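Engineer: The sequence isn't on hand, but the structure is:
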């Protein structure tokens, strides 16, 4: 793939995807899951870990305790949503 020198259109990306109501709700759910894990003592700020939803929110998953687990940021972000 050739090297791309174009700047990423962050404003357009936000306007068309990240600012949609569905994405705002999912972001709020992810933030709530992180706060829940912090209260339990499983996570702390700056630990390099992500809260992983066993069944992803995009596939109908929830923030129930049984659906949440801690994973390293790199492994969580590289997995496929099956």
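Structural biologist: That came through fine. As the structure is a prediction and not an experimental result, all values here were calculated from the model. Numbers count the residues shown, from 1 in each chain.

Engineer: Which strand residues bridge the residue lying closest to residue 49 once chain neighbours are set aside?
Structural biologist: Leaving aside its sequence neighbours, residue 49 sits nearest to residue 70 (CB to CB, 6 or more residues apart in numbering; 4.9 Å). No exception for glycine: its C-beta is placed from N, CA and C like everyone else's. Taking DSSP bridges as the rule, residue 70 bridges to residue 51.

Engineer: residues contacting residue 70?
Structural biologist: With CB atoms under 8 Å, 6 or more residues apart in numbering as the criterion, the residues that contact residue 70 are 37, 42-43, 49-52.

Engineer: if we go to 7 Å?
Structural biologist: Residues in contact with residue 70, defined by CB atoms under 7 Å, 6 or more residues apart in numbering, are 37, 42-43, 49, 51-52.

Engineer: Closest one of these to residue 24?
Structural biologist: For these, the minimum distance to residue 24 (CB to CB) is 17.9 Å, reached by residue 51.

Engineer: pLDDT below threshold where in this protein?
Structural biologist: Low-confidence segments of the chain, defined by pLDDT under 70, are located at 1-3, 81-82.

Engineer: what ranges do the strands span in this structure?
Structural biologist: For the chain, the strands identified by DSSP state E occupy 49-53, 68-72, in order along the chain.

Engineer: Now render the contacts of residue 70 as TSV, adding distance to residue 79.
Structural biologist: Supplementary listing: the contacts of residue 70 in TSV, determined by distance: CB to CB, whole Å:
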residue	distance to residue 79
37	18
42	19
43	18
49	14
51	13
52	8
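
Engineer: Buried subset of the residues you listed, written for PyMOL?
Structural biologist: Here is the PyMOL command that selects only those of these that count as buried (16 or more other CB atoms under 10 Å):
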select buried, resi 37+43+49+51+52
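
Engineer: Could you measure from the residue nearest to residue 49 over to residue 44?
Structural biologist: Using CB to CB, to the nearest Å, residue 70 is found at 11 Å from residue 44.
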